[in-house]
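Q: Sequence plus predicted model, see below.
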Amino acid sequence: MSKLIIHRGTNEIGANAVEINNGEVKLLFDFGIPLESMTKENWKPKDYKLPIKGLYKREKPKFNAVFLTHAHLDHYGLIQLINSKIPVYASKTTYDILTKIAPLLPKQDNARLNLKIIDDEISFKNIKVKAHKVNHSIAGACAYEIKTEGKTIIYTGDLRFHGRASYLSSTFKRKIKNPDYLIMEGTTLGRAEQNITTEKELEKEFVKIFKSGKLPLVQFSPQNIDRFVTVYRACKRTGKTLVIDAYTAYVLEIYSSMSKSIPQYNWDNIMVNFASCTINHKLAEEKILFKYKDKKITLKEIIANPEKFVIKGNWSINKQIFNAIDYNKLEIIFSLWKGYLDRPNQFDDYKDIKLTPLHTSGHAYIKDLQEFVEQTQPKNLIPIHTEYKNKYRELFSANIITLNDGEELIL
Ligand SMILES: [Zn+2]
């Protein structure tokens, strides 16, 4: 008898922990921290421990494996608690992020974990798990198809259909036919803005702003490779040089194994600024920083010719720019989810600063989710990663099963 238990994530965005268990094999999909933790300065994974037996350190392991959909903290933030005897599977890119990029960031030591790469498909006795690449606001995202006792369960993780690599999500959509259960994210259900903006449309907006004559300072995550390409292309179209930090140069290098078309620090229209910060110190210790020295540009050189540049912001470079240049000569673009601004952030210290929002969601719009359900025709649809699970009944033509956290569903 196969069972599904969503330990957390049925009624909130993030903190996903999905168990599928057929009596012989026990698997967990994602193990994220709740987004609320990010408003707290000193969160620790153990503050959010869930009552799941046989998963944690110092317990007899009862799980055969854990699978991660992507490297966002609300999907993997609790993995440090997992018993190192239990393998944790992820796509090659997610594996690279967790092993090579995350250790540069605070509280993300994954060295003790038993991390493994899932290429395509893997079986544990009578359960088969297949990874499907999808497009999301971080590289390396995947959905999972699980087959147990004649039933097929699809878990979407986070996905979208309007990014640069949205063909990945479309291919996934084409491959799925009539699953018995579709566990589908619904992040955008409560969000007012459903004005479909694609990365390509965003690029046009960046081009307009880059022509404004002010020095653009763009806030975005380098792990969001679609957004990097959008900003880089807009720079090329306006003849500007994109000044990145060493951390971004390093992230791009890690991503280079995914595709030859991912821009690298030594490409045209890219320079690297070495503004001092903890990540740069770590990169210097690892002897990574010196690689970028031929592309080094100082703040002084940027200020001497501001019309030539677009700067990728970060905490350290922003501070130096704000001290050196008049706010009204800057165009500060906030190209991240606006919810981050509701939490304590560095702009709180600069009350006179005007931020220009320019962003598109990392999550599928309602219309795209409807089309996904329409085409894949699931027998049952289960909401996850949403604050509006009861809206699924109005929006999607499928049998909806709403679960509570920790509730058991016999499949
Ligand atoms: Zn995500």
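A: Cool, got the structure. What you see is a predicted model, and the numbers here were worked out from it, not measured in a lab. Numbering: from 1, shown residues only.

Q: So for the worst-scoring helix or strand of the chain on mean pLDDT, what gets flagged as buried?
A: Within the chain, confidence by mean pLDDT, DSSP states H and E is lowest for helix 278-285 among all helices and strands, at a mean of 83. Buried residues in helix 278-285, counting neighbours by 16 or more other C-beta atoms under 10 Å, are found at 279, 280, 282, 283. All C-beta atoms are positioned from the backbone trio N, CA, C, and that covers glycine.

Q: show me where the stretch 301-411 of the chain has strands.
A: 309-312, 330-334, 355-357, 380-384, 399-400, 408-410 (DSSP state E, counting those that start in this stretch).

Q: Now render these as JSON lines, adding mean neighbour count and mean pLDDT.
A: Listed next are the strands of the stretch 301-411 of the chain as JSON lines, based on neighbours: other C-beta atoms under 10 Å; pLDDT from 0 to 100:
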{"stretch": "strand 309-312", "mean neighbour count": "25", "mean pLDDT": "97"}
{"stretch": "strand 330-334", "mean neighbour count": "21", "mean pLDDT": "95"}
{"stretch": "strand 355-357", "mean neighbour count": "14", "mean pLDDT": "92"}
{"stretch": "strand 380-384", "mean neighbour count": "24", "mean pLDDT": "98"}
{"stretch": "strand 399-400", "mean neighbour count": "15", "mean pLDDT": "98"}
{"stretch": "strand 408-410", "mean neighbour count": "11", "mean pLDDT": "97"}
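
Q: re earlier: now, which of the buried residues of helix 278-285 sits nearest residue 390?
A: residue 279 (42.2 Å; C-beta to C-beta).

Q: ok, the nearest residue to that closest one once chain neighbours are set aside - contacts?
A: Excluding the flanking residues, the one nearest residue 279 by C-beta to C-beta, 6 or more residues apart in numbering is residue 247, at 4.6 Å. By C-beta atoms under 8 Å, 6 or more residues apart in numbering, the contact list for residue 247 reads 104, 222, 277, 279, 280, 283, 314.

Q: Read off the pLDDT value for residue 247.
A: pLDDT, residue 247: 92.

Q: again with residue 106
A: 73.

Q: Could you tell me how far it is located from the ion?
A: 19 Å (C-beta to the ion, to the nearest Å).

Q: Also residue 394?
A: If you measure residue 394 against the ion using C-beta to the ion, the figure is 25 Å.

Q: Please name the residues that touch that residue.
A: Taking C-beta under 8 Å, 6+ apart, one finds nothing in contact with residue 394.

Q: For the least confident helix or strand of the chain, what is the distance to the chain centroid?
A: 23 Å (C-alpha atoms, centre = their mean, to the nearest Å).

Q: Fine, thanks again, bye for now.
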